[in-house]
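**Student:** fold the following.
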Amino acid sequence: MAALLPLCASSQISAQPPPEEVAIRAIDAAELRRETRLRSYTVTEHYTIKSSRFHNSAEMTVAVEYRRDKGKTYQIVSRTGSAMLQSKVFDRLLREEGEMSRREARQQTLVNSRNYEMRLKSEEIRAGRKTYVLDLTPRKASSHLLKGRAWIDAEDGTLMRIEGRPTASASFIAGRPLITREYEKAGNLSLAKSTLADSSSFFFGKTELHIEYSDYHIDVESTQ
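**Tutor:** Reported below is the predicted structural model:
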């Protein structure tokens, strides 16, 4: 019996955590890494919205600056199209996004295990990389937390894609739109590449809001 004890101890030491735990640890670490390393960035955001009921559309280009200590500030570069959509959607969206980018409010929007219950659904290959697919259930009702799924890079936990519906109605668009956001990498940090929000309501009909993010310039803490 004594001769078996070292073997048992060795097998316990070498036991690996289950894949779900590995995936959750990875995404938590990636979100923490982005929050602690990303001091600031600038990005150009281009907004397009179309409403089927009014056959209206609008576009807006915005220069965005994010600073970790102050959140996001916006400078509108250009606007075209429906004045109603500009005021009821774009202006509300910028105001709300600015408020939610600051300090503790921002922490409540992160994709991590503090804000979500996570379950590993499957593994996929996306863009030639192993990817974990996680089912997400927000821990509280919020227009900034999505009930749906997230795709994360299995190697470093960075977000590649998230899709779902908010658990509370969004103020800038009717109802609970289906939101899909794609991400791109800057080193081992993940930054938004595009967002699509599809919604249907009696007042607006079918509404499609699309946001493209381009020309990032980031400032990060040194890892040394």
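**Student:** list of residues touching the longest helix seen in the chain?
**Tutor:** Counting residues, the longest helix found in the chain (DSSP state H) is helix 19-37. Helix 19-37 has contacts (C-beta atoms under 8 Å, 6 or more residues apart in numbering) with 16-17, 68, 107, 110-113, 118-120, 123, 132, 134, 150, 152, 154, 156-159, 188-190, 220-221, 223. Backbone N, C-alpha and C define where each C-beta goes, glycine included.
**Student:** in strands only, show me these.
**Tutor:** M118, R119, L120, E123, Y132, L134, A150, I152, L159, L189, S190, V220 (DSSP state E).
**Student:** make CSV from the residues you listed and add distance to V89, neighbour count and pLDDT to it.
**Tutor:** Listed next are the ones in strands among the contacts of helix 19-37 as CSV, based on distance: C-beta to C-beta, whole Å; neighbours: other C-beta atoms under 10 Å; pLDDT from 0 to 100:
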residue, distance to V89, neighbour count, pLDDT
M118, 31, 22, 98
R119, 33, 14, 97
L120, 35, 16, 97
E123, 37, 12, 94
Y132, 33, 24, 96
L134, 30, 23, 98
A150, 25, 25, 98
I152, 30, 26, 97
L159, 25, 23, 96
L189, 29, 20, 92
S190, 26, 23, 94
V220, 32, 17, 94
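**Student:** identify the farthest-apart pair in those.
**Tutor:** R119 and V220 (31.3 Å; C-beta to C-beta).
**Student:** any weak-confidence spans in this structure?
**Tutor:** 1-14, 54, 170-175, 201-204, 223-224 (pLDDT under 70).
**Student:** other SSEs contacting the strand or helix carrying E104?
**Tutor:** Assigned by DSSP states H and E, E104 falls within helix 103-107. Of the remaining helices and strands, none touches helix 103-107 by 3 or more C-beta pairs under 8 Å, 6 or more residues apart in numbering; DSSP states H and E.
**Student:** distance from the longest helix of the chain to the middle of the chain?
**Tutor:** 14 Å (C-alpha atoms, centre = their mean, to the nearest Å).
**Student:** go on, stretch 16-30?
**Tutor:** On C-alpha atoms, centre = their mean, the centre of stretch 16-30 falls 18 Å from that of its chain.
**Student:** next: stretch 102-118.
**Tutor:** 10 Å.
**Student:** buried set for it?
**Tutor:** For stretch 102-118, a neighbour-count test (16 or more other C-beta atoms under 10 Å) marks R106, L110, V111, N112, N115, Y116, M118 as buried.
**Student:** hang on, isn't R106 packed against E99?
**Tutor:** No. Look at R106 against E99 with C-beta atoms under 8 Å: they stay out of range, at 9.7 Å.
**Student:** identify the contacts common to those two.
**Tutor:** With C-beta under 8 Å, 6+ apart, R106 and E99 have common neighbours G71.
**Student:** before we move on, the earlier item: now the buried residues of stretch 102-118 in JSON lines, with distance to H55?
**Tutor:** As requested, the buried residues of stretch 102-118 are exported to JSON lines (distance: C-beta to C-beta, whole Å):
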{"residue": "R106", "distance to H55": "37"}
{"residue": "L110", "distance to H55": "38"}
{"residue": "V111", "distance to H55": "36"}
{"residue": "N112", "distance to H55": "41"}
{"residue": "N115", "distance to H55": "38"}
{"residue": "Y116", "distance to H55": "38"}
{"residue": "M118", "distance to H55": "41"}
